[in-house]
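1. Quick one, fold the following:
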Amino acid sequence: MAGNLLVISDHEEDARLGQTICQKTGVVYHFARTGEKVRAALTDFPQTVVLWGADDPQMVQELGGIIAKMCSPGKVFAVTNSPLNEKPHLFKTQIWGHHLLRRFEGAATELYSRLVEASFSQYPFDLDLYFPKQTPVQRIMITRSTQKAAAVEAIQKVFAKQNVTSRLAALVAQAVDEAVMNAVFDAPVGPDGKPTKRLLPRDADFELLTEREFVRLEVACCEQYVGVAVSDGFGSLKKEIVLGFLGKDYHEQTYIPKAKDQGAGLGLNGLLSAGLSMVFISKPGAKTEVIVFFPRAENYKSFKTGFRFVSIIAE
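-> Numbering: from 1, shown residues only. Below you'll find the predicted structure:
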């Protein structure tokens, strides 16, 4: 594919990851450390994804302005040694669209390569984009609000066949349950952009009348990782909403989501802290997709040491 990848980092692991991604995707590798070289690279190669070692708040402050002016957030991957909740300086800027924990073994390079490809795509939706070719994708369509439980149970049956540990399967089921709840109740908006179902009781039983209201579930399993996607046809999820809930979760220990808050059911802090990885993709008026990823693991302890990331690709 046409494109460039610029690594800005003092960590050799980041450079190696960038080189591996380039080998897998065909994009051209570049490296820079100073503001002058970063500016030159982004000027000469505008179609560029940035892999940015963002542990140091001072470095983020020094280079952030350059990157923000020359690269869209959806093409910026911030990489740190510790989880997002330990890097509050990243919440002071919204120039990044992806956060990667610096764990690049196993499935990470394969999945991160596909995230880079998605960041170049005009249509970064659909689960099969994030898996090797020929990976089977199972699909479930929800056309009534009360079908959620049956859909989540069907996903759990897939996990059982794939020998996913029960503890991990339960965690992912919770994430899927909450994502479906948001797609059914929080996502629908009227012509004026105002929510139409957010104030309904969460146990309300009603038919989803149009294809736009239908909620689609997809699940795919390859040798290295598993993904579950939940999508709706409204595209009402915004990047600032996701970052806002992440910020509240990480900065306010006593924060409890309120039912009236958009996306309150996502419980991002608990899901991410537990080790799940999530991708949020949204195009206004067209589609929102939330994808939950987790690595194949023999046990829960092994899962906790695997890849971890959060991506937000939204206009």
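2. going on from the strand or helix carrying G65, what's the next piece of helix or strand?
-> Taking DSSP states H and E as the definition, G65 sits inside helix 57-70. Of the helices and strands lying after helix 57-70 in sequence (DSSP H and E), the nearest is strand 76-80.
3. Do me a favour and average the pLDDT over that next one.
-> Here strand 76-80 scores 97 as its mean pLDDT.
4. in its sheet, what does that strand sit against?
-> strand 48-53 (parallel), strand 98-101 (parallel) (DSSP bridges).
5. and the longest one, which residues are buried?
-> It stands for strand 48-53. T48, V49, V50, L51, W52, G53 (16 or more other Cβ atoms under 10 Å). To be clear about C-beta, it is placed using only N, CA and C from the backbone, and glycine gets the same treatment.
6. cool, stretch 55-74 as well?
-> Applying a neighbour-count criterion of 16+ other Cβ under 10 Å, the buried positions in stretch 55-74 are D55, M59, V60, L63, G64, I66, I67, C71, P73, G74.
7. Just send these back as a markdown table, with distance to A107 too.
-> As requested, the buried residues of stretch 55-74 are exported to a markdown table (distance: Cβ to Cβ, whole Å):
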| residue | distance to A107 |
| --- | --- |
| D55 | 23 |
| M59 | 28 |
| V60 | 28 |
| L63 | 29 |
| G64 | 30 |
| I66 | 32 |
| I67 | 27 |
| C71 | 26 |
| P73 | 25 |
| G74 | 22 |
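8. and the buried residues of strand 48-53 as a markdown table, adding distance to S166 and pLDDT?
-> Output for those, formatted as a markdown table (distance: Cβ to Cβ, whole Å; pLDDT from 0 to 100):
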| residue | distance to S166 | pLDDT |
| --- | --- | --- |
| T48 | 43 | 97 |
| V49 | 37 | 97 |
| V50 | 39 | 98 |
| L51 | 36 | 98 |
| W52 | 38 | 97 |
| G53 | 37 | 97 |
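9. Specify which member of the residues you listed is nearest to A179.
-> If you rank the buried residues of strand 48-53 by distance to A179 using Cβ to Cβ, V49 comes first, at 26.2 Å.
10. ok, now how distant is the closest one from R39?
-> 16 Å (Cβ to Cβ, to the nearest Å).
11. try A68
-> As for A68, its distance to R39 is 12 Å (criterion: Cβ to Cβ).
12. just for the stretch 201-315 of the chain, where's the confidence low?
-> Under the criterion of pLDDT under 70, the regions of the stretch 201-315 of the chain flagged as low confidence span 247-269.
13. let's see it at 50
-> 251-265 (pLDDT under 50).
14. Run through the helices of it in chain order.
-> Applying DSSP state H, counting those that start in this stretch to the stretch 201-315 of the chain gives helices spanning 239-251, 268-273, 300-304.
15. so of the ones you listed, which one's packed in deepest?
-> helix 268-273 (a mean of 19; mean count of other Cβ atoms under 10 Å).
16. mind listing the helices for the stretch 1-150 of the chain?
-> In the stretch 1-150 of the chain, helices defined by DSSP H, counting those that start in this stretch lie at 12-25, 35-44, 57-70, 108-120, 148-161, listed in chain order.
17. For G227, find the nearest of these.
-> helix 108-120 (8.7 Å).
18. Just the mean pLDDT for the closest one, thanks.
-> Mean pLDDT, taken over the full extent of helix 108-120, equals 95.
19. just checking, what packs against it?
-> Using 3 or more Cβ pairs under 8 Å, 6 or more residues apart in numbering; DSSP states H and E, the elements in contact with helix 108-120 are helix 12-25, strand 48-53, strand 76-80, strand 98-101, strand 309-314.
20. For that helix, C-alpha coordinates in PDB please.
-> This file holds the C-alpha atoms of helix 108-120, laid out as PDB (Å, rounded to 0.1, in the frame of the first residue of the first chain):
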ATOM      1  CA  ALA A 108       0.900  -7.300  18.600                       C
ATOM      2  CA  THR A 109       2.800  -6.700  15.400                       C
ATOM      3  CA  GLU A 110       0.200  -8.400  13.200                       C
ATOM      4  CA  LEU A 111      -2.700  -6.500  14.800                       C
ATOM      5  CA  TYR A 112      -0.800  -3.100  14.900                       C
ATOM      6  CA  SER A 113       0.100  -3.500  11.200                       C
ATOM      7  CA  ARG A 114      -3.600  -3.800  10.400                       C
ATOM      8  CA  LEU A 115      -4.400  -0.800  12.600                       C
ATOM      9  CA  VAL A 116      -1.900   1.200  10.500                       C
ATOM     10  CA  GLU A 117      -3.500   0.000   7.300                       C
ATOM     11  CA  ALA A 118      -6.900   1.000   8.800                       C
ATOM     12  CA  SER A 119      -5.700   4.500   9.600                       C
ATOM     13  CA  PHE A 120      -4.900   5.000   5.900                       C
END
